[in-house]
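>>> Sequence first, predicted model second:
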Amino acid sequence: MLENFIKENKEIIIQNLQKLIQIPSVYSESKNPLIPFGENANKALEYMLNLGNQLGFRTKNIDGYCGYIEFGEGEELLGIVGHLDVVPSGDNWTYPPFSATIFDNKIYGRGAIDDKGPVIASLYAMKYVLDNCKVNKRVRLILGLNEENSWKCINYYKAHEESPTIGFSPDADFPCIYAEKSILTPYFSIDYSKHSSAPIYIQEIDCNNNPINVVPKICSAVLRIDSSIIMDDFIKVIKKIVNNYNFEIDIYKLNNEEIKLTSHGIGAHAAHPDLGINAISRLVVVLDELFKTYNIPISLFDFFDKYIHTEYDGKSLGINYKDESGDLTLNVGKISLENNILKIGLNLRIPIHTSIEDIENKFISLLSDYKEITYKRVGSKAALYIPKDTYLVKTLCDIYNEEANSYLEPIAIGGATYARAFDNCISFGANLPGQKDMCHQTDEFITIDNLLFACKVYAKAICALG
């Protein structure tokens, strides 16, 4: 019966996902309190709520912050927690990122796998259960709009609505996720004004990498050179430094006083920084050596080069924490120079048995020799850990393994999903084991087979948990 349902609804599932992808629901600032995350995020929410109504569900728009689609009766609430916002698309896509182009059995587009495809799969799984199964809980698909930034949507939901008694988030990997690392976002800054009279001075930095949980693909700095330095000789020094590191950094002479350096990298999700190349890290390493060559050390760059460098695994910090959830990883996600404040932001994923405070204490210890540098925690999220032998983890893992004819164990990840926003909730799909994670990547896609498979697995999960 389930196979027939998916076969009969295949085309409409695909079409509705395409329509959802075609809404460019990237966060934007809004002064309208009814659409706090911007017009396009609101359009995505309204699209889903209207679709939910058409399919026979109860729906609610929660003050523009989020919404839900629900059916069933009972005191207990089974939550399926997803999000409709997406990260910026970037450039160099094979197909326009919001075109939802289908090619080679894949639906391409920003949000295809993170998290619009899994959300649509969940909705049609709910439709199957609504029409064909009896459950003794209410089943609610919770739709966030600010997951890729500050989680204001899910925090608003928790302050105003009922939390699930059990649930899952379709925003990670199969077979299921029993642990998610904790996350720390610190910023390191200095007052750069005292360097204004130096013969080499950073005029501006351009790195619009948003959000911080993306490995930056490009970063530029404009340097002002005074007449005491011969420009041609200066360019030769830069070229030598860049060539020694074998970095991809372009050098542009803007005029007789200014030069621009543009560093190129490869984007990736900050949970997997090893899959990318960090444009900020490479530029800072080159700038550090360049300024030191002319005896103009910048403490922030010196600290960076000594303890962070171009690494992504935290080993240069002298922090080799590792446990069942994996290594400590870090992403250099932000750099800016505004109002004479030079600032670098990191995004760290911390193994579940290491505390955020342990890492902060390590940073504070390392900064004891750098009194000029200010440390500030900008954000953090506690780890998620639900033991493998609990009912929720075993049930979801067994459902996947039965459908996939596999014997896989639950896994731990560095990513952050809305599962950690609630008790008794874990992440469940929709990335398949062994499949390249296209989350936050150029040419993001979901295969049609994966989309329909997820729908089938989610339907069985709702029946089992409900």
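Perfect, I can see it now. Numbering: from 1, shown residues only.

>>> count of neighbours near residue 88?
Neighbourhood size, residue 88 [other Cβ atoms under 10 Å]: 17. Any C-beta I mention is one placed from the backbone N, CA and C, and that applies to glycine too.

>>> swap that for residue 162, please
Residue 162 - counted by other Cβ under 10 Å - has 12 other residues nearby.

>>> Checking it next. Helix, strand or coil?
For residue 162, the assignment made with DSSP: H, G, I helix; E, B strand; the rest coil gives coil.

>>> got a list of what residue 269 touches?
Applying Cβ atoms under 8 Å, 6 or more residues apart in numbering to residue 269 gives the contacts 213, 214, 215, 275, 415, 437, 439, 440, 441.

>>> I figured residue 444 was touching residue 108, is that so?
Yes. The criterion here is Cβ atoms under 8 Å, and residue 444 meets it with residue 108 at 7.0 Å.

>>> With neighbour numbers in mind, choose between these two.
Taking neighbours as other Cβ under 10 Å, residue 444 and residue 108 compare with residue 444 leading, 26 against 23.

>>> for the chain, what's the longest helix?
Longest helix in the chain, counting residues (DSSP state H): helix 2-21.

>>> name the helices or strands packed onto it?
helix 39-54, strand 106-108, helix 117-132, helix 448-465 (3 or more Cβ pairs under 8 Å, 6 or more residues apart in numbering; DSSP states H and E).

>>> Do a quick rundown of the strands in the stretch 251-400 of the chain.
Using DSSP state E, counting those that start in this stretch, the strands of the stretch 251-400 of the chain run over 258-264, 322-323, 326-327, 329-338, 341-350, 374-381, 384-385.

>>> rewinding a little: can you add distance to residue 385 and mean pLDDT and give the helices and strands packed on helix 2-21 back as CSV?
Formatted as CSV, these follow (distance: least, Cβ to Cβ, whole Å; pLDDT from 0 to 100):
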stretch, distance to residue 385, mean pLDDT
helix 39-54, 31, 98
strand 106-108, 33, 98
helix 117-132, 22, 98
helix 448-465, 20, 98
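
>>> Need the winner for burial among the ones you listed.
Of the helices and strands packed on helix 2-21, the one with the most neighbours on average (mean count of other Cβ atoms under 10 Å) is helix 117-132, at a mean of 24.

>>> circling back: want to try CSV for the strands of the stretch 251-400 of the chain, with mean neighbour count as columns?
Listed next are these as CSV, based on neighbours: other Cβ atoms under 10 Å:
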stretch, mean neighbour count
strand 258-264, 19
strand 322-323, 14
strand 326-327, 20
strand 329-338, 22
strand 341-350, 23
strand 374-381, 14
strand 384-385, 22
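
>>> which stretch among the ones you listed comes nearest residue 117?
strand 384-385 (22.3 Å; Cβ to Cβ).

>>> For that closest one, which strands pair with it and how are they oriented?
Sheet pairing of strand 384-385 (DSSP bridges) gives strand 177-180 (antiparallel).

>>> Show me which positions of the strand it pairs with end up buried.
Buried residues in strand 177-180, counted by 16 or more other Cβ atoms under 10 Å: 177, 178, 179, 180.

>>> what's the neighbour count on the residue lying closest to the first one once chain neighbours are set aside?
Pointing back at residue 177 there. Counting by Cβ to Cβ, 6 or more residues apart in numbering, residue 427 is the residue found nearest to residue 177 once chain neighbours are left out, at 3.9 Å. Residues lying near residue 427 (other Cβ under 10 Å) number 29.

>>> same deal with the one 5 residues further on?
Neighbourhood size, residue 432 [other Cβ under 10 Å]: 17.

>>> how near is it to residue 349?
Residue 432 sits 22 Å away from residue 349, going by Cβ to Cβ, to the nearest Å.

>>> who are the neighbours in contact with the residue minimising distance to the centre of the chain?
For the chain, the residue sitting closest to the mean C-alpha position, by Cα atoms, centre = their mean, is residue 213 at 4.7 Å. Residue 213 makes contact with 148, 269, 270, 271, 331, 333, 347, 416, 440 under the criterion Cβ under 8 Å, 6+ apart.

>>> Distance-wise, check it relative to residue 334.
Distance, residue 213 to residue 334, by Cβ to Cβ: 11 Å.

>>> what's the answer for residue 389, then?
40 Å.

>>> Equivalent analysis for residue 246, please.
From residue 246 to residue 334 the distance is 25 Å (Cβ to Cβ).

>>> now residue 456
For residue 456, the distance to residue 334 - Cβ to Cβ - is 40 Å.

>>> now residue 393
Distance, residue 393 to residue 334, by Cβ to Cβ: 35 Å.

>>> Just the C-alphas of stretch 50-65, formatted as PDB.
Output in PDB follows, covering the C-alpha atoms of stretch 50-65 (Å, rounded to 0.1, in the frame of the first residue of the first chain):
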ATOM      1  CA  ASN A  50      -1.200  26.200   2.200                       C
ATOM      2  CA  LEU A  51       0.000  22.800   0.900                       C
ATOM      3  CA  GLY A  52      -0.700  21.300   4.300                       C
ATOM      4  CA  ASN A  53      -4.300  22.700   4.200                       C
ATOM      5  CA  GLN A  54      -4.800  21.300   0.800                       C
ATOM      6  CA  LEU A  55      -3.800  17.900   2.000                       C
ATOM      7  CA  GLY A  56      -6.200  17.900   4.900                       C
ATOM      8  CA  PHE A  57      -4.000  18.900   7.800                       C
ATOM      9  CA  ARG A  58      -4.500  21.500  10.600                       C
ATOM     10  CA  THR A  59      -2.000  24.300  10.200                       C
ATOM     11  CA  LYS A  60      -0.800  27.300  12.200                       C
ATOM     12  CA  ASN A  61       1.400  30.300  11.400                       C
ATOM     13  CA  ILE A  62       3.200  31.200  14.700                       C
ATOM     14  CA  ASP A  63       3.600  35.000  14.300                       C
ATOM     15  CA  GLY A  64       5.800  34.600  11.200                       C
ATOM     16  CA  TYR A  65       8.600  33.000  13.200                       C
END
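
>>> any idea how far it is from the chain center?
26 Å (Cα atoms, centre = their mean, to the nearest Å).

>>> Next, the residues that contact that stretch from outside, please.
By Cβ under 8 Å, 6+ apart, the surrounding residues in contact with stretch 50-65 are 16, 33-37, 42, 45-46, 49, 67-71, 123, 126-127, 130, 141, 145-146, 152-153, 156-157, 160-161.

>>> Can you flag the buried ones in the residues you listed?
Looks like the contacts of stretch 50-65 have 16, 35-37, 42, 45-46, 49, 67-71, 123, 126-127, 130, 141, 145-146, 152-153, 156-157, 161 buried, using 16+ other Cβ under 10 Å.

>>> Quick one: residues contacting the closest residue in space to residue 29 that isn't next to it in sequence.
Once flanking residues are discounted, residue 29 sits nearest to residue 38: 7.0 Å by Cβ to Cβ, 6+ apart. For residue 38, the contacting residues are 25, 26, 27, 28, 29, 30, by Cβ under 8 Å, 6+ apart.

>>> who touches residue 324 in this structure?
Contacts for residue 324 (Cβ under 8 Å, 6+ apart) come out as 179, 352, 353, 412.

>>> If anything else comes up later, I'll come back, but that's it for now.
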